[in-house]
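In: quick check, what structure comes out for this input:
(one chain, ligands or ions: 2)
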Amino acid sequence: MSDPNCIFCKIIAGQIPSKKAFEDEHLLAFHDIKPWAPVHVLIIPKLHIASLADIGPEHEALMGRMLGLAPRLMRELGVTNGFRTLINSGPDGRQEVYHLHMHVMGGPRPWSQG
Ligand code: 5GP
Ligand code: ZN
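Out: Residues are numbered from 1 along each chain as shown. Ligands and ions are numbered 1, 2, ... in the order given. A predicted model of the protein is given here:
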């Protein structure tokens, strides 16, 4: 359910501080520590799933929740002119943290990356 060596599981547990943007029973959203855009949040499931490559049919509702939260969060954070969503998976996908997360980025351009 959670991995004691996983940095995002530690954030969920409150062992590592984060600037939270949303939390419910299933999901946590917090601001990325190295933002690419004026608004850059990560949406993660509370369940430790290492990567998008590891999801199965049992995770479909959870994935729907993650995607559905993105536009709601952007609205709440004042993003009115569009946003990007990104899920990096595996080494060639340049995934750095192996706890499934969706980047959601918005705000006025230029951005530092993306
Ligand atoms: P990935 O390359 O795995 O898709 O992205 C991982 C993201 O997690 C990076 O954008 C990185 O800045 C962010 N990140 C890594 N460690 C922490 C942390 O301790 N706190 C926060 N808020 N973000 C983190
Ligand atoms: Zn984890």
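In: ok, is the longest helix anywhere in the chain in contact with ligand 1 or not?
Out: When the chain is scanned for its longest helix (criterion: DSSP state H), the result is helix 60-76. No - using Cβ under 6 Å from any ligand atom, helix 60-76 stays clear of ligand 1, coming no nearer than 13.7 Å. Placement of C-beta: from N, CA and C, glycine included.
In: what's that helix packed up against?
Out: strand 20-23, strand 27-31, strand 39-45, strand 83-86, strand 102-106 (3 or more Cβ pairs under 8 Å, 6 or more residues apart in numbering; DSSP states H and E).
In: list the contacts of it.
Out: The set of residues external to helix 60-76 that reach it, using Cβ atoms under 8 Å, 6 or more residues apart in numbering, is 21-22, 26-27, 29, 39, 41, 43, 45, 47, 55, 83, 85, 102, 104, 106.
In: from those residues, which is closest to C9?
Out: Within those, proximity to C9 (Cβ to Cβ) peaks at L47, which comes in at 9.6 Å.
In: which bits of this protein sit near ligand 1?
Out: So far as Cβ under 6 Å from any ligand atom goes, the chain lies against ligand 1 at 7, 16, 18, 30, 32-34, 42, 88, 94-97.
In: buried members of those into PyMOL, please.
Out: Those of the residues of the chain next to ligand 1 that count as buried under 16 or more other Cβ atoms under 10 Å are selected in PyMOL with:
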select buried, resi 18+30+32+42+88+95
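In: possible to save the residues of the chain next to ligand 1 as TSV with distance to R72 and pLDDT?
Out: Output for the residues of the chain next to ligand 1, formatted as TSV (distance: Cβ to Cβ, whole Å; pLDDT from 0 to 100):
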residue	distance to R72	pLDDT
I7	25	98
I16	25	98
S18	19	98
F30	15	99
D32	18	98
I33	22	98
K34	24	98
L42	15	99
N88	22	98
R94	27	98
Q95	25	98
E96	26	98
V97	23	98
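In: that concludes my questions; thank you for your assistance.
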